[in-house]
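J.: Give me a model of this one.
(chains A, B, C and D)
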Number of protein chains: 2
Amino acid sequence: MAGTRDHDGHRAAPTLHDVARLAGVSIKTVSEVVNRTGRVAAATTSRVDSAVRALGYQPNLSARRLRTGTTGVIGLAVPELSMSGYFNELSALVVRAAGERGLTVLIEETGGTREGELRALRGPRRSVMDGLLLSAVALEEPDVPEPATLAPTVVLGERRLGAVLDHVTFGNEEAARLVTEHLLQLGRRRILVLAGDPTRSATAARRLAGHRRALHAAGVAPSPELVRPVGTWDHAAGYAQVRAACREALEFDAVFAMNDSLALGGLRALHDEGRDVPGAVAVAGIDDVVDARYAHPRLTTADPHREVLADLAVRTLAERITHPRRPAVVHEVAAELRVRGSTSAAAEHAPV
Amino acid sequence: MAGTRDHDGHRAAPTLHDVARLAGVSIKTVSEVVNRTGRVAAATTSRVDSAVRALGYQPNLSARRLRTGTTGVIGLAVPELSMSGYFNELSALVVRAAGERGLTVLIEETGGTREGELRALRGPRRSVMDGLLLSAVALEEPDVPEPATLAPTVVLGERRLGAVLDHVTFGNEEAARLVTEHLLQLGRRRILVLAGDPTRSATAARRLAGHRRALHAAGVAPSPELVRPVGTWDHAAGYAQVRAACREALEFDAVFAMNDSLALGGLRALHDEGRDVPGAVAVAGIDDVVDARYAHPRLTTADPHREVLADLAVRTLAERITHPRRPAVVHEVAAELRVRGSTSAAAEHAPV
DNA sequence: ATGAAAGCGCTAACAT
DNA sequence: ATGTTAGCGCTTTCAT
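T.: This is a model prediction of the structure:
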């Protein structure tokens, strides 16, 4: 019989013990066979293997973790898994990249707050994971616990948590600069900015900085009234702000959104207001989300190369897990401008 | 000193023992204080609490699980977390709903294959989770292990895994019927169907059945050439099939896509082909993805009420975890038609 | 009200 | 080549 029944008639999962008894060997031998470690005689191995199959034995990862500190589970903490957009796509890619390395991903939302990020960084959930990928937006350097205390951690996004932790970052400032430069080159001078709060989000701060730098380089004075704050970085916020700007008769000939969701919301608002895109208003975002490529018109944006980023992040974390004492590394992935129909009518009819 | 240093100078996480020593009590007392269980004197409690804070103690969930079989981690196994679309939004909602109940979500991709789903159902990862939410598309009833063997499991999607497991399903057939009826009422008779493989996906089979039922009820004969197979249910596939249909000069006055990603891809293809939507071709999908509401024109679709679904799923699983022996339950969430501009020009200018 | 100790399933010294 | 056993951190009976 596979396993033992508890008083309820419920069957407990078979353990090494059960397998050992069935195969007539010691549990150590079973452990070695299961993990393909140590040298076990071929005959014994196959006997154990069939016992494993007969019982449907599966190692208990909690027990293994308790003993060895390893589970094959890594954590991914993001501000929030909104319905659509960057973190959603990123986590899909992280799950994929992790899966390719035999790792499973535990997803946590931090809400983008200091408390949430601290909870991810040192909360009890850490004890089931081998390492953590943290998309930090609120955490400040002094919050980071003494490195020796910290289990393997890789920070995603702006480098802000000191030189102690590995970082995989994306050129946020560069991306915003590229997009803004592109709009300026098209002759646009009144660029509406859909901007996250730079005091609460490092990403927002970097992107705003890049935008300003491009304006400055082109000799265009920044107009405070063109910067429209958004709380959440989603379609609804982009729609609301652009719609409001139109109603207020604010003059603008371009929209630079800090991400594609905002841009797509803004695009929709412009349709509803009857403004021609890109004729009257050019629109661009950052992220190169899938839906950007299928919008009407297609959305010009900066591609952060999320696949590269996700793969690099998982690889860096895997490295850190196997080599906890190596010095911290920093990887930066460059952004790439994708010009499409929302800024250039010519680009709209190029091949997909 | 917080914790002990290992030979490497690396600091081990503090344990109940460390806290007990610092507070001058036994580890049992500490355990009771940490879990707010049993009656401990107020003075002792506060002494322990400050020791916990001083050391930054965090319970080791692997050890707890080993002892009690509980971690606060649940699994979510989906066919695949594509870049955008249904499962993406669903998992975001599940993570949210789980978070509200203090649960964390371990995400797994099954690839939509029998092996992948079996792996999720009985693989070693189960030993770190309290329960599993399984979006089964390939698994057949006989694959399901004897229920007594199985840890808490709730199946999402079509009811196909017998009466043994809890199911939270969505009215797939109903949804497809609603959408098709709507298109027929508009006078459309040549409906192009972007259809997943009904032999490989139960969802596809149900949706196709609903579509056919609506056709039949309206006395419209189904035309095999109008059913275009798609491998993946994403934008690219929808784009490719609609584009191909146009090039082949296939006549159609509507597109019914089995999900919104396909529909949005198709919509883009129609733009590129210069077909008027909804004038020449009406387009509708299923899922009510965020981007459907911001597409141009806005996409008519069937809303599966994902929030309700996600919440119900998590709640059902939580119930199952606390009451393993209760009889299995089935919940079905009804679909709701959302008429928008992609089928009705009038609807396009209604309030968002 | 608090403490001592067993044992969850596993790995890895240490024995044989 | 295989077996015995300690102990990872925790909860929980059983004593006190």
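
J.: which parts of chain A sit against DNA strand C?
T.: Within chain A, the positions adjacent to DNA strand C are A:12-13, A:15-17, A:27-28, A:31, A:34-35, A:37, A:57, A:59-60, A:63-64, A:66-68 by CB under 7 Å from any atom of the strand. Bear in mind the C-beta positions are built from the backbone N, C-alpha and C, glycine included.

J.: mind redoing it with 10 Å?
T.: A:3-4, A:6, A:12-20, A:26-35, A:37-38, A:57-70 (CB under 10 Å from any atom of the strand).

J.: Show me which of those residues are buried.
T.: Neighbour counting by 16 or more other CB atoms under 10 Å in any protein chain shown classes A:3, A:13-16, A:18-20, A:29-34, A:57-66 among those as buried.

J.: Next, count neighbours for the nearest residue to A:D234 once chain neighbours are set aside.
T.: What sits nearest to A:D234 in space, not counting adjacent residues and going by CB to CB, 6 or more residues apart in numbering or on different chains, is A:S261, at 4.9 Å. When neighbours are defined as other CB atoms under 10 Å in any protein chain shown, A:S261 has 33 of them.

J.: Would you quantify the distance from the residue nearest in space to the middle of chain A to A:R114?
T.: The C-alpha lying nearest the average C-alpha coordinate of chain A belongs to A:L90 (CA atoms, centre = their mean; 4.0 Å). Distance, A:L90 to A:R114, using CB to CB, to the nearest Å: 21 Å.

J.: follow-up on the earlier one: for whichever strand or helix holds the residue nearest to A:D234, the distance to its chain's centre please.
T.: For A:S261, the element it lies in under DSSP states H and E is helix A:260-272. Averaged C-alpha coordinates place helix A:260-272 at 23 Å from its chain's average position (CA atoms, centre = their mean, to the nearest Å).

J.: Over to stretch A:72-84?
T.: A distance of 7 Å separates the centroid of the chain from that of stretch A:72-84, by CA atoms, centre = their mean.

J.: again with stretch A:294-310
T.: Taking CA atoms, centre = their mean, one finds the center of stretch A:294-310 at 14 Å from the center of the full chain.

J.: and if you look at stretch A:69-80?
T.: Relative to the chain's own centre, stretch A:69-80 is displaced by 12 Å; criterion: CA atoms, centre = their mean.

J.: measure it end to end?
T.: Taking CA to CA, to the nearest Å, the first and last residues of stretch A:69-80 lie 28 Å apart.

J.: is it anywhere near chain B?
T.: Yes: applying CB under 8 Å from any CB of the partner chain, one finds stretch A:69-80 in contact with chain B at A:71-73.

J.: export these to CSV and tack on distance to A:A328 and secondary structure?
T.: Formatted as CSV, the entries for the residues of stretch A:69-80 next to chain B read as follows, by distance: CB to CB, whole Å; DSSP: H, G, I helix; E, B strand; the rest coil:
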residue, distance to A:A328, secondary structure
A:T71, 23, coil
A:G72, 23, coil
A:V73, 23, strand
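
J.: show me where the stretch 151-300 of chain A has helices.
T.: Taking DSSP state H, counting those that start in this stretch to define them, one finds helices in the stretch 151-300 of chain A at A:172-185, A:202-217, A:235-247, A:260-272.

J.: wouldn't A:R65 be in contact with B:S62 here?
T.: Yes: between A:R65 and B:S62 there is a contact under CB atoms under 8 Å: 4.2 Å.

J.: shared neighbours of the two, anything?
T.: Listed contacts common to A:R65 and B:S62 are A:71, A:127-128, B:128; contacts here mean CB atoms under 8 Å, 6 or more residues apart in numbering or on different chains.

J.: and A:E117, that one's in a strand?
T.: No: the assignment for A:E117 by DSSP: H, G, I helix; E, B strand; the rest coil gives helix, which leaves it out of any strand.

J.: neighbours of it, just the number please.
T.: When neighbours are counted by other CB under 10 Å, A:E117 registers 25.

J.: Report the backbone C-alpha coordinates of whichever strand or helix holds A:A97 in CSV.
T.: Assigning secondary structure by DSSP H and E places A:A97 in helix A:86-100. Output of helix A:86-100 as CSV, limited to C-alpha atoms (Å, rounded to 0.1, in the frame of the first residue of the first chain):
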residue,chain,number,x,y,z
TYR,A,86,5.0,46.2,-17.7
PHE,A,87,5.1,44.2,-14.5
ASN,A,88,2.6,41.8,-15.9
GLU,A,89,4.7,41.1,-18.9
LEU,A,90,7.9,41.1,-16.8
SER,A,91,6.6,38.5,-14.4
ALA,A,92,5.4,36.3,-17.2
LEU,A,93,9.0,36.4,-18.6
VAL,A,94,10.5,35.8,-15.2
VAL,A,95,8.3,32.8,-14.7
ARG,A,96,9.4,31.6,-18.1
ALA,A,97,13.1,32.2,-17.5
ALA,A,98,12.9,30.6,-14.1
GLY,A,99,11.1,27.6,-15.4
GLU,A,100,13.9,27.0,-17.9
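
J.: which residues are contacting the helix or strand following that helix?
T.: In the C-terminal direction, the helix or strand that comes right after helix A:86-100 (DSSP H and E) is strand A:104-109. Around strand A:104-109, the neighbours that count as contacts under CB under 8 Å, 6+ apart are A:72-81, A:91, A:94-95, A:98, A:116, A:119-120, A:125, A:128-129, B:73, B:91, B:95-96, B:99, B:104-108, B:125.

J.: Repeat the analysis, applying 7 Å as the threshold.
T.: Applying CB atoms under 7 Å, 6 or more residues apart in numbering or on different chains, the external contacts of strand A:104-109 come out as A:72-78, A:80-81, A:91, A:94-95, A:98, A:120, A:125, A:129, B:73, B:95, B:99, B:104-108, B:125.

J.: what separates that strand from the chain centre, distance-wise?
T.: Using CA atoms, centre = their mean, the mean C-alpha position of strand A:104-109 is found 11 Å from that of the whole chain.

J.: angle of that strand against strand B:104-109?
T.: In this structure, strand A:104-109 runs at an angle of 130 degrees to strand B:104-109, with axes from the mean of the first three to the mean of the last three CA atoms, to 10 degrees as the basis.

J.: Buried ones in strand A:104-109, by neighbour count?
T.: Neighbour-count burial for strand A:104-109, counted by 16+ other CB under 10 Å, picks out A:104-109.

J.: what does stretch A:329-340 give?
T.: Within stretch A:329-340, the residues that qualify as buried by neighbour count (16+ other CB under 10 Å) are A:331, A:333, A:335, A:337-340.

J.: Stretch A:270-278 now?
T.: By 16+ other CB under 10 Å, the buried positions in stretch A:270-278 come out as A:270-272, A:275, A:277-278.

J.: Ok, stretch A:189-209 next?
T.: With burial defined by 16+ other CB under 10 Å, the residues of stretch A:189-209 counted as buried are A:189, A:191-196, A:198, A:201-208.

J.: ditto for stretch A:225-242
T.: The neighbour-count criterion (16+ other CB under 10 Å) identifies A:226-228, A:230, A:233-242 as the buried residues of stretch A:225-242.

J.: Give the burial count for whichever residue of the stretch 101-250 of chain A sits closest to DNA strand D, as a bare number.
T.: Distance from DNA strand D to each residue of the stretch 101-250 of chain A (CB to the nearest atom of the strand) is smallest for A:S127, at 7.5 Å. By other CB under 10 Å, 22 other residues sit near A:S127.
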